[in-house]
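K.L.:
let's see this in three dimensions:
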Amino acid sequence: MVHGIGVSGDYFLPFACVLARMREVHLLDLPGYGTTPKPPRPLSVPELADVAARSVARLGLVDPILVGQSMGCQVVVDAIASRPALAAAYILIGPTVDPDARSLVRLTARMARNVTRETAANNLVVLHDVGRMGLMRFLRTSRFMLADRIEENIAGCTVPGMVVRGARDPIAPAGWVRRLAALAPEAAFAEVPGAAHNVQYTHPDELATTCAPFLSRFATA
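P.N.:
Below is the predicted model:
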């Protein structure tokens, strides 16, 4: 599981705990996020994708399913598109960046709206992690996030995929997420009712139920 910008594997924990009842689950903290050491400069999406790919190799995982959320979707797509044998499948949750919001001002406005739709517990986790990362590193990383073209890169993801959003997510609107799924060689679209951007934290059981038919196609670890 690959987290988004500013946060860490902590906000995947509710969803990870649900899936861990039936599968082996690994949470990745990218360099400079959570408690991991900060590199001298923020890493680009391709550099973070390389970290994710090397983590798969170090863990000795064979045909894993890579799960990304928010900017983590961009990392997962880049990793798989540039390494076709890396994973058996992928799940993207609330993928960024919608081309209609490809500016820091527009994306920040959407993020502000999303805060009002999330739970207090979720917002505290995000605030804590962003504080650990630091505002300047967050802003510099956002440049890489905005420059990355997931809508182009996903064409290289030839393994099966699933693209999911919370039905109340203003950061990843339905039209954008549907278009992204349609651009992939093989990807299904789904929504989780009542959830906003961080559906993996606020609605883990519902998300697991939504993903279950897709996951059932692949052998457990």
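
K.L.:
which residues sit against stretch 54-74?
P.N.:
With contact meaning Cβ atoms under 8 Å, 6 or more residues apart in numbering, stretch 54-74 is reached by 1-5, 11-12, 26, 28, 45, 52, 75-77, 79-80, 86-97, 145, 148, 150, 153, 171-172, 197-198, 200, 215, 218, 221. For glycine as for every other residue, the C-beta is placed from the backbone atoms N, C-alpha and C.

K.L.:
try 6 Å this time
P.N.:
Outside stretch 54-74, the residues that touch it by Cβ atoms under 6 Å, 6 or more residues apart in numbering are 1-5, 28, 45, 75-76, 87-96, 145, 148, 150, 200.

K.L.:
now do stretch 209-219
P.N.:
Residues outside stretch 209-219 that contact it (Cβ under 6 Å, 6+ apart) are A88, A89, M162, A190, V192.

K.L.:
ok, 8 Å please
P.N.:
Residues outside stretch 209-219 that contact it (Cβ under 8 Å, 6+ apart) are 19, 23, 63, 65, 88-89, 91, 160, 162, 164, 188, 190-192.

K.L.:
tell me the two of the residues you listed that are most distant?
P.N.:
In the contacts of stretch 209-219, two members sit farther apart than any others by Cβ to Cβ. They are D63 and E191, at 27.1 Å.

K.L.:
just the buried members of the contacts of stretch 209-219?
P.N.:
L19, I65, A88, A89, I91, P160, M162, V164, A190, E191, V192 (16 or more other Cβ atoms under 10 Å).

K.L.:
the residue nearest the centre of the chain and I80: what is the separation?
P.N.:
Central residue of the chain (Cα atoms, centre = their mean): Q69, 1.7 Å from the mean position. According to Cβ to Cβ, to the nearest Å, Q69 and I80 sit 15 Å apart.

K.L.:
name the residue most distant from the centre of this protein?
P.N.:
No residue in the chain sits farther from the centre than P40, which is 23.8 Å out by Cα atoms, centre = their mean.

K.L.:
give the contact list for it.
P.N.:
P40 neighbours (Cβ under 8 Å, 6+ apart): none.

K.L.:
could you do V97 as well?
P.N.:
Neighbouring residues of V97 by Cβ under 8 Å, 6+ apart: Q74, L107, M145, L146, D148, I150.

K.L.:
got TSV for these, with secondary structure and neighbour count too?
P.N.:
Formatted as TSV, those follow (DSSP: H, G, I helix; E, B strand; the rest coil; neighbours: other Cβ atoms under 10 Å):
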residue	secondary structure	neighbour count
Q74	helix	28
L107	helix	19
M145	helix	23
L146	helix	17
D148	coil	23
I150	helix	26
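
K.L.:
how many neighbouring residues does N198 have?
P.N.:
Counted by other Cβ atoms under 10 Å, the residues lying close to N198 total 29.

K.L.:
checking M162 next. Helix, strand or coil?
P.N.:
strand (DSSP: H, G, I helix; E, B strand; the rest coil).

K.L.:
quick one: it from T210, how far?
P.N.:
Distance, M162 to T210, by Cβ to Cβ: 9 Å.

K.L.:
check V18 too.
P.N.:
In terms of Cβ to Cβ, V18 sits 11 Å off from T210.

K.L.:
could you do S82 as well?
P.N.:
Using Cβ to Cβ, we find S82 at a distance of 28 Å from T210.

K.L.:
give me the local confidence score for V115.
P.N.:
Confidence at V115, expressed as pLDDT, is 95.
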